[in-house]
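Visitor: Turn this into a structure:
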Amino acid sequence: MNSDKTLDAKGLNCPLPILKAKKALKDLEAGQVLEIISTDEGSIADFEAFCRTTGNELLESDIGDGIFTYYIKKS
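Guide: Below you'll find the predicted structure:
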């Protein structure tokens, strides 16, 4: 999936991936996509909840080899 910006949050634990994603989304226009790469297993539920509460759209999430990748479309 194509993204407009990538956030490398590997090695960071909750709540840092969410906080950094929130900051990165501020730099994007509505409709643009942020890719987040994380190693925090708890980020799965965190990003689902984040998108529900902020109104941004979780387009896709991929999990493989301990790497969690999320694509969020800014509302």
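Visitor: Spell out which helix or strand contains the most centrally placed residue in the chain, please.
Guide: For the chain, the residue nearest the mean C-alpha position is Ile36 (4.1 Å; C-alpha atoms, centre = their mean). According to DSSP states H and E, Ile36 maps onto strand 33-38.
Visitor: Just the mean pLDDT for that strand, thanks.
Guide: Averaging pLDDT along strand 33-38 yields 98.
Visitor: Lys73 bridge partners, please.
Guide: According to DSSP bridges, the partner residues bridging Lys73 are Val33, Glu57.
Visitor: Next up, the contacts around Tyr70.
Guide: Each residue near Tyr70 by C-beta atoms under 8 Å, 6 or more residues apart in numbering is listed here: Glu35, Ile36, Ser38, Ser43, Phe47, Leu58, Glu60, Ser61, Asp62. For glycine as for every other residue, the C-beta is placed from the backbone atoms N, C-alpha and C.
Visitor: Drop anything exposed from the residues you listed.
Guide: Glu35, Ile36, Ser38, Ser43, Phe47 (16 or more other C-beta atoms under 10 Å).
Visitor: Can I get these in a markdown table including distance to Leu16?
Guide: Shown next, in a markdown table, are the buried ones among the contacts of Tyr70 (distance: C-beta to C-beta, whole Å):
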| residue | distance to Leu16 |
| --- | --- |
| Glu35 | 17 |
| Ile36 | 11 |
| Ser38 | 9 |
| Ser43 | 10 |
| Phe47 | 13 |
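Visitor: what's the angle from the very next helix or strand once past the strand holding Ile36 to strand 33-38?
Guide: Next along the chain after strand 33-38, taking DSSP H and E as the criterion, comes helix 43-54. With axes from the mean of the first three to the mean of the last three C-alpha atoms, to 10 degrees defining the directions, helix 43-54 sits at 150 degrees from strand 33-38.
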